[in-house]
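S.K.: build me a model from this:
(chains A, B and C)
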Amino acid sequence: MTGAFAEAQLYTIPNVIGLNIRASIESGQPLTFHANYKLDDGTERLDYVTQDGVIRLQRERARPDALLYSFAGNYTRSSARDEIASRFGLSHDMRRIYSRIRTDRFMDNAVSSLYGMRVTENHPWEATLCYLISQFNNIKRIRGIVRGMISRFGDTVEQDGIAFKLFPSPERISKASINELMACGTGFRAKYIKNTARAFSENPGYAGMHGTEYGELKNRLMDLDGVGDKVADCILLFGYRKHMAFPIDVWIKRVVEEVYFDGRKQKISEIHGFADRKWGSYAGYAQQYLFESGRRNRIGVRNDKGHR
DNA sequence: ACCCAGGCGGGCG
DNA sequence: CGCCCGCATGGG
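M.R.: Numbers count the residues shown, from 1 in each chain, chains lettered A, B, ... in the order given. Below you'll find the model as predicted:
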């Protein structure tokens, strides 16, 4: 895909201060599963597809506050810029967010080491498909499955004689057979994916429920096949900009128990209550720093002798 | 061989 | 409600 952009015109988004692209796309968010990131000789390059087209970003070491971009597919110069600005949360008030989540030494450290990492804003269907696949799975394999689904089921777009596969639509996924879905490595999740894709394609309203209140939207999402408490919170946080959502997976559970409860086991409901009291409407941002910091430092992971 | 992975649905008490 | 179990698949 990279070569196709060699002669494409680059546009500029100026005054982007303190965006950590790498941490934002390597921290288990939807772009982790299908974006391509490279750092060569001080230049960062990133490309990813949506249902609408292809986005390519570039940033040079000598101009760290300028995001350069190009696009293909159905994007225009301004719609591509809007996609990038929302995707990377360029309007997020990071000073306020950091002042609310730097509640203790661990969070202070996490913010320092991951400074500039954003909670990205992704399309609801994209987030839903990614986190349906994520359940009882690992990040490397999730990447393979999501990429496989893009190459098998994504619409083809041509630009300057080069073909691209876009992010697959719920319509196309709902029409795939269970066997076709299994062939991508989805395993027991194939039925969830097919049923939930059908729900999205039969009810286009799912794509535009950003205004619905958190609790009500969570209930709606948990009606979908394969969407439980954790996947719903991921969709709310990464797909609907609900920054109070606090997805609790095995990593978050371990980190919270280790850092805040001296290693004592806590119920999921207790951790939800703790996060809500401690970080409130910024809990989702706190979660993202807890998750990535805990994962990088393997907080609470036991070795083969059963010791910590 | 064994363990684990950004969990969930169904069945049971 | 809460708890427990099976679940596809591949990597360490």
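S.K.: drop to CA atoms for contacts and neighbour counts, all remaining ones
M.R.: Noted.
S.K.: tell me the gap between the host helix or strand of A:F291 and the middle of its chain.
M.R.: Following DSSP states H and E, the helix or strand that holds A:F291 is helix A:283-296. Relative to the mean C-alpha coordinate of its chain, helix A:283-296 is positioned 13 Å out (CA atoms, centre = their mean, to the nearest Å).
S.K.: on contacts alone, who are the packing partners of that helix?
M.R.: Here helix A:283-296 touches helix A:94-101, helix A:105-113, helix A:250-260, helix A:268-279, going by 3 or more CA pairs under 8 Å, 6 or more residues apart in numbering; DSSP states H and E.
S.K.: now those as CSV including mean neighbour count and mean pLDDT?
M.R.: Shown next, in CSV, are the helices and strands packed on helix A:283-296 (neighbours: other CA atoms under 10 Å; pLDDT from 0 to 100):
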stretch, mean neighbour count, mean pLDDT
helix A:94-101, 15, 98
helix A:105-113, 15, 98
helix A:250-260, 18, 96
helix A:268-279, 15, 96
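S.K.: any chance of a markdown table for those, columns distance to DNA strand B?
M.R.: Below are the helices and strands packed on helix A:283-296 laid out as a markdown table (distance: least, CA to the nearest atom of the strand, whole Å):
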| stretch | distance to DNA strand B |
| --- | --- |
| helix A:94-101 | 16 |
| helix A:105-113 | 14 |
| helix A:250-260 | 5 |
| helix A:268-279 | 10 |
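S.K.: can you give me the strands for the stretch 51-200 of chain A?
M.R.: Here the stretch 51-200 of chain A has its strands, by DSSP state E, counting those that start in this stretch, at A:53-60, A:67-73, A:156-159, A:162-165.
S.K.: between those, which one is closest to DNA strand C.
M.R.: Checking the strands of the stretch 51-200 of chain A against DNA strand C by CA to the nearest atom of the strand gives strand A:162-165 as the closest, at 22.2 Å.
S.K.: tell me the strands beside that closest one, with direction?
M.R.: Sheet pairing of strand A:162-165 (DSSP bridges) gives strand A:156-159 (antiparallel).
S.K.: tell me how far the strand it pairs with is from the chain's mean position?
M.R.: Relative to its chain's centre, strand A:156-159 lies at 25 Å (CA atoms, centre = their mean).
S.K.: what residues sit buried inside that strand?
M.R.: Under the neighbour-count criterion of 16 or more other CA atoms under 10 Å, strand A:156-159 has A:T156, A:V157 buried.
S.K.: contact partners of it?
M.R.: Residues outside strand A:156-159 that contact it (CA atoms under 8 Å, 6 or more residues apart in numbering) are A:G53, A:A72, A:G73, A:A163, A:F164, A:K165, A:L166.
S.K.: just give me the closest of those residues to A:I133.
M.R.: For the contacts of strand A:156-159, the minimum distance to A:I133 (CA to CA) is 18.0 Å, reached by A:L166.
S.K.: what backbone torsions are found at the closest one?
M.R.: Dihedral pair for A:L166: phi -90, psi 170, per degrees, to the nearest 10.
S.K.: that older thread, DNA strand B is nearest to which of the strands of the stretch 51-200 of chain A?
M.R.: Using CA to the nearest atom of the strand, those put strand A:53-60 closest to DNA strand B, at 21.4 Å.
S.K.: quick one: contacts of the closest one?
M.R.: A:42-49, A:66-75, A:80, A:157, A:164, A:166.
S.K.: make sure A:K191 is actually in contact with A:N179.
M.R.: No: applying CA atoms under 8 Å, one finds A:K191 not in contact with A:N179, separated by 10.0 Å.
S.K.: neighbour count: those two, which is higher?
M.R.: A:K191 (18 against 12; other CA atoms under 10 Å).
S.K.: so who does that one touch?
M.R.: Going by CA under 8 Å, 6+ apart, A:K191 touches A:I178.
S.K.: burial count for the closest residue to DNA strand B within the stretch 201-308 of chain A?
M.R.: Nearest residue of the stretch 201-308 of chain A to DNA strand B (CA to the nearest atom of the strand) works out as A:G228 at 3.0 Å. Counted with other CA under 10 Å, the neighbours of A:G228 add up to 16.
S.K.: ok, now A:F261?
M.R.: By the criterion of other CA under 10 Å, A:F261 has 12 neighbours.
S.K.: before we move on, what about the one 4 residues further on?
M.R.: Look at A:K265: counted by other CA under 10 Å, it has 14 neighbours.
S.K.: which strand or helix spans it?
M.R.: Applying DSSP H and E, one finds A:K265 in no helix or strand.
S.K.: helices and strands of chain A: which one has the lowest mean pLDDT?
M.R.: Lowest by mean pLDDT, DSSP states H and E among the helices and strands of chain A is strand A:156-159, with a mean of 88.
S.K.: distance from stretch A:48-67 to the middle of the chain?
M.R.: The chain centroid and the centroid of stretch A:48-67 are separated by 16 Å, computed with CA atoms, centre = their mean.
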